[in-house]
Structures are given as structure tokens and as C-alpha cells.
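Colleague: Here you go, sequence then predicted model.
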Amino acid sequence: MLVDHIVVSRESIRNSDVYAVIESNISVVNYLLEEGAEPGELSPDALGSYYVDYYLAEVMNGGISQFMFNCSGDHQVLDHITYALPLLGATGHAGLFSEVRARWDAMDAEEKRVFFDGGLFNSPDPFEGISDRVYELNGSEDLIELNSAFIRNHPNLEVIRLKRLEAHLAGIIRTIPDLAARLAERERLAEENKPRYARIIDVICEEYGMELVRITAGDPGFIHEGEERVAWHFLTDHGHYSMVDMGERAVVFDDDGDEIAVVDIARVPTG
């Protein structure tokens, strides 16, 4: 294991904002994963905290359905959250999350396909009622408070001054013996398995001379031409945009949700 403990900045520990240490852990995990580490090489507790925060942010923004849509129902993500919630002392949330997983597991392949294709809004929400219970429970069992306390009181916590943190993490990455080959294989697989929405965003960025920073989220409830469609949000060096795939064209929206362009995407594979 590359890192068997949680690493955060000293400044985040000293910060009066309870979210600061959560954010620091997120930054550390993101750096390590992006630079070449595999999830199995990182502390399960660090990853648990990381994914609990992701879960909370998604649910608070758009409910359980948005969370499940954006994580693609990834069992590893779900496993990390299942593992971490009891560790944080979030027993109520752990119980609700077990209901989420039970409902997800009960859906067959066709129901999940319809869910991911955006047909969710033409049929009953598979997580109806649970999102509201999460909102209500979080008032008394605050996941940010619990997550912050979990990190601060963790028995295997390393605290490093911010100005030294990146160099420390880079040193960890350099210990990976097959790093160059690993990164090359990642890049190959990422390109080979790139989903259609990502290829469309590449076309948009190319056409308008923008550099993609990252694709941030999918919004399965975006309204366009009077219908609910899936909009994909992405950040570029020119700002935040979203797009809706309309088949042979993509409609692009600015940060205010105003339509700004229509791009020909007939050359993008449908698969």
C-alpha cells in the first residue's frame, strides 16, 4: 500500500471551518489518484471520507437519483460509502444507505439502462422518499460534522504544512515502480472506453478553441425544448458550460443556462 493513513494539511487542521479537513483529504486523494495511484493503494479510511463527502454533495444537490446517476452505480464507490458511514458514527445514514443499495440491487438490467438513458423521469423514482429522509436526518446527524471529526480524531493521521504537501505526495508517487507504463495503459483504456458524452465535449472544445479541465457532472433532469434530458456539465479554460446530446447535434449552454451554440456531432460514434 502506498499510503495506509489519512494525510491532510496543517492549515486545514488549524482552520475553524469544519469542512477544511474534509477538503484537504479530498485534495490529497485526488492528487494521488490523478498522478498514478490506484484506489487499492490508498487508505480505505481516506477513501471512505472522500466518497461520503461526494455522496452528501450529490444527494443535497439533486437527490439519491442524481448521486446514483453520476457515480454510474459503481459498486466500489458504493462499497466505500457502506464501509465509512458506520466508522463516522453515522448510524442513521448507514441504515438509509443500505436501503439505497437494496433498491439498486433489486433493479434489473433493463431498469438500470432506462435509468441511465434519462428515462428516469418518465417512470417512478426508484429512490422515492429516501432522499427526503436523508435531508431530514442530516439535520441531526450532520455528515460534514461527523466526517470532519472522523479525520481530526483519526489514530493514523499525518499532518503536513501546505507548502510541503505537494512535494511529499510527489515523492510517494515516485515510488511506484511501473508508473510510466501504468499511466500509458490508463490513457489507452480511457480513450478506448470514452463515453459518447465525453467525445461530444471534446468536439465542442475543439471547435471553440477551449481546453477541457474536467467533466463535472451529469444532470438527468435538465429541461430543453419542454422535455427532461441529460445535460453534461464541464469546465474549460474559458469557464463552465453544459451540453445536451440531441443526436446529430449538441446544444451548448453557458453558466447561466442560456443556449449559446449548436454543434454538429454527426461524426461522433453513437456507442
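Modeller: Right, received. Where do you want to start?

Colleague: Provide the backbone phi and psi angles at the residue lying closest to residue 1 once chain neighbours are set aside.
Modeller: Leaving aside its sequence neighbours, residue 1 sits nearest to residue 41 (Cβ to Cβ, 6 or more residues apart in numbering; 5.5 Å). For every residue, glycine as well, the C-beta is placed using N, CA and C. When read as degrees, to the nearest 10, the backbone of residue 41 gives phi -100, psi 0.

Colleague: Please, which helix or strand holds residue 194?
Modeller: Under the criterion DSSP states H and E, no helix or strand holds residue 194.

Colleague: before we move on, the earlier item: state the pLDDT value of the residue nearest to residue 1.
Modeller: Per-residue confidence (pLDDT) for residue 41: 97.

Colleague: any idea whether the nearest residue to residue 26 once chain neighbours are set aside is helix, strand or coil?
Modeller: Spatial nearest neighbour of residue 26, excluding adjacent residues (Cβ to Cβ, 6+ apart): residue 50 at 5.7 Å. Taken by DSSP: H, G, I helix; E, B strand; the rest coil, the conformation at residue 50 corresponds to helix.

Colleague: quick one, what contacts residue 50?
Modeller: 25-26, 29, 80 (Cβ atoms under 8 Å, 6 or more residues apart in numbering).

Colleague: residue ranges for the strands of the stretch 1-150 of the chain, please.
Modeller: Taking DSSP state E, counting those that start in this stretch as the test, the strands found in the stretch 1-150 of the chain are 6-9.

Colleague: actually the stretch 151-271 of the chain, not the one I wrote
Modeller: 157-160, 212-224, 227-236, 239-245, 249-253, 259-264.

Colleague: is it possible to export those strands to TSV including mean neighbour count and distance to residue 180?
Modeller: Shown next, in TSV, are those (neighbours: other Cβ atoms under 10 Å; distance: least, Cβ to Cβ, whole Å):
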stretch	mean neighbour count	distance to residue 180
strand 157-160	17	26
strand 212-224	16	23
strand 227-236	18	28
strand 239-245	19	33
strand 249-253	19	35
strand 259-264	13	35
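
Colleague: So which of the ones you listed is nearest residue 117?
Modeller: strand 227-236 (8.0 Å; Cβ to Cβ).
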